[in-house]
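Student: Everything below, folded, please.
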Amino acid sequence: MGNNASFNVQMEAPKGVPADHAKHMAAGGSPPPECPMHQKQGGDNKSASAVPPHPKMQQASECPVQHDNSDVNPLNMMPPANQQPSPGQPFALPTDRQTSTIPKVTEDGSVQFWQYPSQQMFWNAMLRKGWRWKKEDVDQKDMGDIIRIHNANNEQAWQEVLKWEALHAKECGNPRLKSFGGKAKDFSPRARFRSLLGYELPFDRHDWIVDRCGKDVRYVIDYYDGGLVDKDYRFALLDVRPAMDSVDNVWDRMRVTYMRWRYELTDKFASNDKDGSKASASD
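Tutor: Model prediction:
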């Protein structure tokens with residue numbers, strides 16, 4: 001996802017997202033961070049819309065994104081959920097919310113999962129962030145597509161985190177997402193280095209804090225423009241990795257780099273041997 005990101009769903013392009021969406025986000029005008037990510041990756045992931053509420057869900061969990069409002073809940077750093085239509089809203093929007101597959105840290109240890117915002121909450125949050133449309137720019141279906149993209153990308157990001165957490169499966173079998181925040185203007189060192197090599201900068205960045213059975217682990221997620229939205233409402237290319245702020249994280253990244261190098265080299269030699277065998281057989 002680069003500087004020309006768009007929410008062009010293959011079936012029908014949502015008109016509500018500006019063509020310069022990525023530039024807007026890179027400049028700090030990111031959509032409302034109502035959940036871990038504005039836009040969350042991976043073929044093995046499922047859209048949150050297909051995830052039913054967990055039977056042990058105790059209560060809805062809001063996203064801990066900091067605000068300056070005085071009515072912010074200190075437990076989750078979110079203002080009260082606004083499910084009311086905004087003044088002049090051109091059409092009604094659903095207020096139902098989807099439950100994610102992302103487990104949440106709770107004080108009492110109960111099983112809870114993060115909940116995504118409703119279409120109405122997302123609309124209100126985007127207005128609060130300064131987004132405005134003309135009546136012909138967006139309709140109800142567009143908002144439904146935007147929510148599906150938002151939720152699917154969050155699910156994808158969590159699956160990428162779990163791949164890293166699998167390295168520590170013996171010490172912790174149930175990592176949970178503790179908190180998160182957007183840093184659209186704060187490009188990671190890796191993203192800056194890639195830009196020097198000619199690659200596009202990510203349109204957004206998030207830092208997730210994962211609770212690894214009592215140990216906080218920070219993950220950095222860079223979001224790149226992947227082009228058209230696929231049938232599962234994914235369009236972002238995610239670069240997910242543990243932040244290099246601890247010895248364990250640095251060691252994990254070294255291990256994964258070695259494994260990738262080793263398997264790529266093995267596949268290369270296997271391919272060469274196969275081609276050599278074919279050539280010998282033809283002779």
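Student: Please count neighbours and contacts with C-alpha atoms only from this point.
Tutor: Fine.
Student: ok, residue 119 - how many residues close by?
Tutor: If you count neighbours by other Cα atoms under 10 Å, residue 119 ends up with 23.
Student: how about stretch 81-89 as CSV, C-alpha atoms only?
Tutor: The C-alpha coordinates for stretch 81-89 follow below in CSV (Å, rounded to 0.1, in the frame of the first residue of the first chain):
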residue,chain,number,x,y,z
ALA,A,81,-19.3,4.7,22.2
ASN,A,82,-21.4,7.0,20.0
GLN,A,83,-24.1,5.1,18.2
GLN,A,84,-26.3,8.2,17.5
PRO,A,85,-26.7,9.5,13.9
SER,A,86,-24.7,12.6,13.3
PRO,A,87,-26.4,15.9,12.3
GLY,A,88,-27.2,15.9,8.7
GLN,A,89,-26.4,12.2,8.2
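Student: could you give the mean pLDDT of that stretch?
Tutor: Stretch 81-89 carries an average pLDDT of 83.
Student: Contacts made by it with the rest, please.
Tutor: 92, 93, 95, 118, 120, 121, 124 (Cα atoms under 8 Å, 6 or more residues apart in numbering).
Student: 10 Å instead, please
Tutor: 34, 62, 91-96, 117-125, 127, 135 (Cα atoms under 10 Å, 6 or more residues apart in numbering).
Student: Pull out the buried positions in stretch 237-254.
Tutor: 237, 238, 239, 240, 241, 242, 243, 249, 252, 253 (16 or more other Cα atoms under 10 Å).
Student: Low-confidence ranges, this protein, go.
Tutor: 1-80, 134-136, 269, 271-283 (pLDDT under 70).
Student: which one's the longest strand in it?
Tutor: Ranked by residue count under DSSP state E, the longest strand found in the chain is strand 215-225.
Student: all helices for this protein, in order.
Tutor: 21-26, 119-128, 140-165, 189-196, 247-282 (DSSP state H).
Student: and of the ones you listed, who's closest to residue 218?
Tutor: Taking Cα to Cα, helix 247-282 is the member of these nearest to residue 218, at 8.7 Å.
Student: how far away is residue 156 from residue 254?
Tutor: Residue 156 sits 23 Å away from residue 254, going by Cα to Cα, to the nearest Å.
Student: Over to residue 225?
Tutor: 27 Å.
Student: What of residue 95?
Tutor: 45 Å.
Student: and if you look at residue 243?
Tutor: Residue 243 is 12 Å from residue 254, by Cα to Cα.
Student: repeat for residue 81
Tutor: The value you get for residue 81 to residue 254, if Cα to Cα is used, is 42 Å.
Student: same thing with residue 157?
Tutor: Applying Cα to Cα to residue 157 and residue 254 gives a distance of 21 Å.
Student: Could you do residue 161 as well?
Tutor: 16 Å.
Student: With residue 220 instead?
Tutor: 16 Å.
Student: And for residue 89, the neighbour number?
Tutor: Residue 89 has 11 nearby residues by other Cα under 10 Å.
Student: With residue 225 instead?
Tutor: 23.
Student: thought it was touching residue 201?
Tutor: Yes. Between residue 225 and residue 201 a contact is recorded at 9.3 Å, counting by Cα atoms under 10 Å.
Student: count of neighbours near residue 121?
Tutor: So residue 121, with other Cα under 10 Å, has 24 neighbours.
Student: was I right about it contacting residue 115?
Tutor: No. The pair residue 121 / residue 115 is not scored as a contact, 11.8 Å apart, by Cα under 10 Å.
Student: among the buried residues of stretch 237-254, which are in strands?
Tutor: 237, 238, 239, 240, 241, 242.
Student: What residues does the fifth one make contact with?
Tutor: Pointing back at residue 241 there. 160-161, 163-164, 207, 218-222, 249, 252-253.
Student: and which of these is nearest residue 179?
Tutor: Looking across the contacts of residue 241 and measuring by Cα to Cα, the closest to residue 179 is residue 207, at 8.5 Å.
Student: Spit out the contact partners of the spatially closest residue to that closest one that is not a sequence neighbour.
Tutor: Leaving out its chain neighbours, the residue that sits closest to residue 207 by Cα to Cα, 6 or more residues apart in numbering is residue 220, at 4.7 Å. When contacts are counted by Cα under 10 Å, 6+ apart, residue 220 touches 161, 180, 183, 188, 205-209, 238-244.
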